[in-house]
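Visitor: Okay, sequence plus prediction incoming.
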Amino acid sequence: MFVISNFGPAYKYRLEIIKEATSHSKEFIYVLTDSISYNKFYKDLDDYFNFLIIDDVKNEHPLSIKHEILPTVFESEEDQFTNFESFYKSIDNNFSYDIHRFAIPILAKLGIKKFFIVDSDSVFTNNREDILNYFNNLPDKSLCSPVMGFDVTNLQNKQNFWENLNYNETTNNYKISNNILLFDGWARGFAFADINDMNEFFEIWNNAYLTILDNRKKTNNNLPIYKNGEGPLIWSNEWVFSHCVDMFITLKNYTHMPNYCYQPGVYEYIDNNIPKIVGIHCPRPEDNLYYTFDGTRGAWYDFKFNFKNQKKIEDFIKDNKDELLRYYQSTKFSKVEITDTHVYTFV
């Protein structure tokens, strides 16, 4: 199945988009969230999604409680878009992108070993058989993530980091190669051999990530955590996850399956030599309203959106219907429907 993470009121919109596009969402889609977001904003979608509540497993890790502050203070979509940046600045922090790793121990307890953690601006096919085949064709002991080049920075410092982490036999024996791949975070796929491997992958990823978060202000820290994002900044260290994947490939005989998710944002598999698209990841201009832009931002720099000072999705849609239609028709979506409140996209 697919796992997405959603926190706070603003991105309920994304669940509504997926619900409209995928009548089988309850069967294939899990939503990682916190109890406040679930009870205040998402509970009415319980018939359409499986919700994984993060609170208990996150609270087992004091460094996560200390550093990974969830956006649970906001009361409305407009409140979150308006105050997200100032909230995190007030606590000298950023949102933790890798918070979605906590889906792994929850799924392990459910006995689910084959899944994709994907960004919440993904939309999936309504063809049930294609989704079943997508996961059934994924071989055991494989990991999937889109490649965005090679990790070439601070390799010696990163090697020292893993050696000093001294977590377990896997990290102790790990040696970074000169051609280690760097994976993008919008899709992270797993087909674990067993629950033990699953838990070990999580523990290595979690231990390393929290160590870096905890050390980020130390003057002798040679690996400052990265800030990423053109809107609200987030903690985003793709290299940590990428090295965990490499550990399992080089030391535990796992394989990387790049064809299951590749740039630019397509989830697919090959059926009788024919590519079958089962999902599309596409940044959504209408729900990235944390700042006012001049219309030249990231994935949509060729489009002239009028951001003005809107802090509500429906206001942005009403002011940008023609440009939104042009934007989404330039993607791989098969159909686009724009209302006054939503931009529905279909695979």
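Guide: Done, it's in.

Visitor: can you pull the contacts of Phe49?
Guide: Under the criterion of C-beta atoms under 8 Å, 6 or more residues apart in numbering, the contact partners of Phe49 comprise 15, 18-19, 25-26, 29-31, 42. No exception for glycine: its C-beta is placed from N, CA and C like everyone else's.

Visitor: For this structure, which residues score under the pLDDT cut-off?
Guide: Counting by pLDDT under 70, the chain shows low-confidence ranges at 219-222, 224-232, 263, 291-299.

Visitor: From Tyr267, how far out is the residue nearest the centre of it?
Guide: In the chain, the centroid-proximal residue (C-alpha atoms, centre = their mean) is Asp119; its distance is 3.5 Å. In this structure, Asp119 lies at 11 Å from Tyr267, with C-beta to C-beta, to the nearest Å as the measure.

Visitor: Out of the contacts of Phe49, which end up buried?
Guide: Buried residues within the contacts of Phe49, defined by neighbour count using 16 or more other C-beta atoms under 10 Å: 15, 18-19, 25, 29-31, 42.

Visitor: Next step: these restricted to helices.
Guide: When the buried ones among the contacts of Phe49 are checked against helices using DSSP state H, the ones located there are 15, 18-19, 25.

Visitor: Tell me the one of the residues you listed nearest Val73?
Guide: The closest of these to Val73 turns out to be Leu15 (C-beta to C-beta; 20.2 Å).

Visitor: hang on, isn't the closest one packed against Asn6?
Guide: Yes - taking contacts as C-beta atoms under 8 Å, Leu15 lies within contact range of Asn6: 6.4 Å.

Visitor: picking up where we left off before, from Ala108, how far out is the residue nearest to the centre of the chain?
Guide: 22 Å.

Visitor: picking up where we left off before, any residues in contact with both of Leu15 and Asn6?
Guide: Taking C-beta under 8 Å, 6+ apart as the contact criterion, the common neighbours of Leu15 and Asn6 are 31, 42, 120.

Visitor: Which of the residues you listed sits closest to Phe202?
Guide: The closest of the shared contacts of Leu15 and Asn6 to Phe202 turns out to be Val31 (C-beta to C-beta; 18.6 Å).

Visitor: what's near enough to touch the closest one?
Guide: When contacts are counted by C-beta under 8 Å, 6+ apart, Val31 touches 3-6, 15, 42, 49-52.

Visitor: Among those residues, name the ones in strands.
Guide: 3-5, 50-52 (DSSP state E).

Visitor: Could you single out the nearest of the contacts of Val31 to Lys218?
Guide: Each of the contacts of Val31 was checked against Lys218 using C-beta to C-beta; the closest is Ser5, at 28.2 Å.

Visitor: thought the closest one was touching Ser120?
Guide: Yes - with contact defined as C-beta under 8 Å, Ser5 and Ser120 form a contacting pair (6.5 Å).

Visitor: between Asp119 and Tyr267, what contacts are shared?
Guide: When contacts are counted by C-beta under 8 Å, 6+ apart, the set common to Asp119 and Tyr267 consists of 187, 281.

Visitor: still on that earlier bit, just flag the most distant two among the buried ones among the contacts of Phe49.
Guide: Put simply, by C-beta to C-beta the two of these set farthest apart are Lys19 and Tyr30, 13.9 Å from each other.

Visitor: Between the shared contacts of Leu15 and Asn6, which sits nearest Val245?
Guide: Distances from the shared contacts of Leu15 and Asn6 to Val245 were compared by C-beta to C-beta; the smallest belongs to Ser120, at 21.7 Å.

Visitor: And that closest one, how close does it get to Tyr269?
Guide: Counting by C-beta to C-beta, the gap from Ser120 to Tyr269 is 22 Å.

Visitor: Which residue of the two possesses the greater neighbour count?
Guide: Taking other C-beta atoms under 10 Å, Ser120 and Tyr269 do not tie; Ser120 has more neighbours (23 against 20).
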